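>>> 3D model of this:
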Amino acid sequence: MQRFRGSYDVKVDDRGRIKIPARFLSVFESCYSSDVFLTSIEGDNVILFPISIWEKMETQIESLGILDPDVDA
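Reported below is the predicted structural model:
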């Protein structure tokens, strides 16, 4: 599996959208697809996941149990 890491400064437009830089999107499209999941931990940065990777992470999170206090934290 190819690993991809990088960062890029972007601005959020007045409609709350960001434009994913073409060089990042091309890596995602060639290795995964153009379907991505965007999230933010503290609201200052956006983290971009290929949707297939995010769905695996989501399954792992769900398997921890909804009532687990560590999951809530």
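>>> any idea how far L38 is from K19?
12 Å (CB to CB, to the nearest Å). (C-beta placed from N, C-alpha, C; glycine too.)
>>> Also E62?
31 Å.
>>> again, but for V27
16 Å.
>>> Looking at those two, which one has more neighbours?
When V27 and K19 are compared on other CB atoms under 10 Å, the one with more neighbours turns out to be V27, at 14 against 11.
>>> residues in contact with M57?
Contact partners of M57, counting by CB atoms under 8 Å, 6 or more residues apart in numbering, are F49.
>>> quick check, it in a strand?
No: assessed with DSSP: H, G, I helix; E, B strand; the rest coil, M57 is helix; it does not lie in a strand.
>>> Tell me the spacing between it and L38.
The gap separating M57 from L38 is 13 Å, by CB to CB.
>>> Any stretches of this protein with poor pLDDT?
1-4, 66-68, 71-73 (pLDDT under 70).
>>> Show me where it has its helices.
Under the criterion DSSP state H, the chain contains helices at 22-31, 51-63, 69-72.
>>> Name the residues of the longest one that are buried.
Of the residues in helix 51-63, those with enough neighbours to count as buried (16 or more other CB atoms under 10 Å) are W54.
>>> relative orientation of it and helix 22-31 in degrees?
Counting by axes from the mean of the first three to the mean of the last three CA atoms, to 10 degrees, helix 51-63 points 80 degrees away from the direction of helix 22-31.
>>> Distance from helix 51-63 to the middle of the chain?
11 Å (CA atoms, centre = their mean, to the nearest Å).
>>> tally of neighbours for F24?
15.
>>> go on, G6?
9.
>>> Ignoring the adjacent residues along the chain, who's closest to it?
Spatial nearest neighbour of G6, excluding adjacent residues (CB to CB, 6 or more residues apart in numbering): F24 at 6.4 Å.
>>> Isn't that neighbour up against R5?
No: counting by CB atoms under 8 Å, F24 sits too far from R5 to count as a contact (10.4 Å).
>>> picking that back up, quick check: neighbours shared by M57 and L38?
Joint contacts of M57 and L38 (CB under 8 Å, 6+ apart) are F49.
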